[in-house]
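Asks: Build the 3D model from these lines:
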Amino acid sequence: MPTLTFDLDHDYNSGPELHQALVHVRVFTKDGLPLSFQALLDTGASFCSFNKDVAELLGIDDIESGVPRRIAAADVDEGSGDHEIMYLHDVEIEFLGHKMNVPIGFVPTWPSGTQNLLGMKGFFESMQAAFLHRERRFLVTFL
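Replies: Residues are numbered from 1 along each chain as shown. Below is the predicted model:
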């Protein structure tokens, strides 16, 4: 049986009734200034996506200047045609002291205040990770 070891052990405890892995992440503006945000670790999300209001704070004046990508919520039937367009922008972030560049998507039609998500592309693919959710712990080694 293989054994995995991890460099970091992060406690994301936000109470016994909240079954979400909410963490803090630093996101850097085009001028290199760090801004702190809360985000959800979401292994079901293909891409990172952030509240559209964050784009302006980062210095992204035109969300639609990013790379367009059709997306749908997990509960939407692929053939339904009920999709949104996300615009991906390369953004530098820092999580648990590790900096990385990830594509972050912004959806102009989503309401302000939408939950920030850290997804697979660029984020989870840059690490070896495990959840011990009962203990509200996230184990990680950056690759």
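Asks: Identify the residue nearest the geometric centre of the chain.
Replies: The structure's the chain has its C-alpha centroid closest to Leu118; by Cα atoms, centre = their mean the separation is 1.5 Å.
Asks: Tell me the bridge partners for that one.
Replies: Note on Leu118: beta-bridge partners by DSSP bridges are Leu41.
Asks: Who are the contact partners of it?
Replies: Shown in contact with Leu118 (Cβ atoms under 8 Å, 6 or more residues apart in numbering): 23, 25, 39-42, 45, 48, 95, 124. Just so you know, the C-beta spots here come from the backbone N, C-alpha and C atoms, and that holds for glycine as well.
Asks: Ser126 now?
Replies: Ser126 neighbours (Cβ under 8 Å, 6+ apart): 100, 102, 142-143.
Asks: Quick one, which of those are buried?
Replies: For these, a neighbour count by 16 or more other Cβ atoms under 10 Å gives the buried set as 100, 102.
Asks: Tell me the pLDDT of the residue nearest to the centre of the chain.
Replies: At Leu118, the model reports a pLDDT of 98.
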